[in-house]
Structures are given as structure tokens and as C-alpha cells.
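[1] What would the 3D arrangement of this be:
(2 chains)
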Amino acid sequence: MADNTIQELTIEAVTENLEQVMEFVDVRLEDAGCPPKVQMQIDVALEEIYVNIANYAYNPETGPATVRVDVSDEPVTVTITFVDHGIPYDPLAKADPDVTLPAEERDIGGLGIFMTKKLMDDVVYEYKDGSNILRLIKKF
Amino acid sequence: MLNIEKKSHGNNLDIALEGRLDTTTAPELETIVRTGLDGAELLTFDFAKLEYISSAGLRILLAAQKIMNKQGKMVVKNVSEEVKEIFEVTGFSDILTIE
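    Numbers count the residues shown, from 1 in each chain, chains lettered A, B, ... in the order given. Predicted coordinates for the structure are as follows:
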């Protein structure tokens, strides 16, 4: 079993760095024995949150984002924390889209955050000391 | 990484995806969907080798479905369990024809 470890990556928040962020997290998930299905769920949530930061947090400038992975045991719980110093923005405040509408009436807006909430056990946002802090929590 | 294999025969267009359909790779597929569906009556997506899809990928599938609703039919086949779950959570399993 993985012992309690925390590791973090700080990079320029641009979509071009998405792959690097994914890889950083995926390596830690694999070390923790994360099943492929859960890994996909975490990746989807991770991409959504990271891309939001890259597109909006410092717009039109860019700035840093920190991604921290914390794995704890029994049950194995992965907590991924995102920190940026951009404009205060709570992605969870957005209303959920209607996922029962037919294709013609569908709009893709808000779907990513909706998936993030559905696929994670918990998603927590806070704005503290000039930072947006968002945590994804998933047990497996 | 995403590989897109496109084959057309008559009015049928087959698109096989291999790899990850995410924010980085979705624009490539979007170009095909926006410009390459003229005259297609049956569009078949083969997801046998698709490992991952995010909301950026769903956006393109929705655009393709809307286009094909007007001019024919769209089918998605060989969907993995992982990808299927994403379709279910988002209600895409009701919009798409999954075989």
C-alpha cells in the first residue's frame, strides 16, 4: 500500500501543459494501485478543472497553477488540490445542465463541471488569501 | 495523442479513433466534423481503441450528431466500459446510437 504521500507540481497554467499535468497525476495514481476506470474518472475531472484555470484564471494574461496529489490509506483516498492566484471563481456555483434534453436542444456548457461533480466523491472550493483552492476527492 | 482514421465508401463515412480525445486533441476531430461530413448519410465512429474522452470530446460528438440528424444517421460502436460510463453520466447514451 502507498504510504501517506503528498507531491506537487507548479507550472504555467496553459492548455499546452495539460498532458504534463495528466502525466504527473497518472503516475501517482498508478503507484497507488488506482483501477483504470477510476483513473479515467479522475482524469476527466482533472482536465476540466485544469483547463478552466488555464482559460479563465489569469485571462488575458497567464500565471501559475499548483497541482497537489495526496494519497491516504484505508480506504485509499486520492485528493487532488488545485491552487491558482487568478480572479476568484467558484466553478461549482454554476447551475447543472439538463442532461435529459435531445441533441438539438443540448448545449455543452457546464457539462464538464457536472461530470466532475458526478464522478468524484467530493469537490470542494474555497477562496483564501488571494487563491482559488479546489479539491477533488475520490476513494477507491 | 489521438490517431484518426477516416474511410469513406459511397455515402458511408467511418471514423476510427485511437488514443485520447481531450482538450488538446479535440480540435483535430472538430475540423473533420465541421468540414468533412458533406454528403455522408451514415457516419460510424469506431471507439475500439479510444482510451479516454473528456467534455471537449463530447462537444465534438454532439456537433456531429446534430449534423447527422439533418442528413442521415450516426452510430458509435465498440465503446469501452470507461467511455460508456461517461456517456451515461452525461445523458449522451440517450442522444447517441451506441452499438
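[2] could you pull out the strands for the chain?
    Since no chain was named, I'll use chain A. Using DSSP state E, the strands of chain A run over A:5-12, A:64-72, A:77-84, A:122-128, A:131-139.
[3] My question was about chain B, not that one.
    Going by DSSP E, chain B shows strands at B:2-9, B:12-21, B:42-53, B:73-77.
[4] could the ones you listed go into a markdown table alongside mean pLDDT and mean neighbour count?
    To be clear about C-beta, it is placed using only N, CA and C from the backbone, and glycine gets the same treatment. As requested, the strands of chain B are exported to a markdown table (pLDDT from 0 to 100; neighbours: other Cβ atoms under 10 Å in any protein chain shown):
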| stretch | mean pLDDT | mean neighbour count |
| --- | --- | --- |
| strand B:2-9 | 96 | 12 |
| strand B:12-21 | 97 | 19 |
| strand B:42-53 | 98 | 19 |
| strand B:73-77 | 98 | 18 |
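[5] and chain A, which of these is closest to it?
    strand B:42-53 (6.0 Å; Cβ to the nearest Cβ).
[6] Quickly note the distance from the residue nearest to A:Met40 when sequence neighbours are not counted to B:Arg20.
    Ranked by Cβ to Cβ, 6 or more residues apart in numbering or on different chains and with sequence neighbours excluded, the top spatial neighbour of A:Met40 is B:Glu82, at 4.4 Å. Separation of B:Glu82 from B:Arg20 (Cβ to Cβ, to the nearest Å) stands at 12 Å.
[7] any shared contact partners between those two?
    Residues touching both B:Glu82 and B:Arg20 (Cβ atoms under 8 Å, 6 or more residues apart in numbering or on different chains) are B:51-52.
[8] Counting neighbours, what do you get for A:Val69?
    24 (other Cβ atoms under 10 Å in any protein chain shown).
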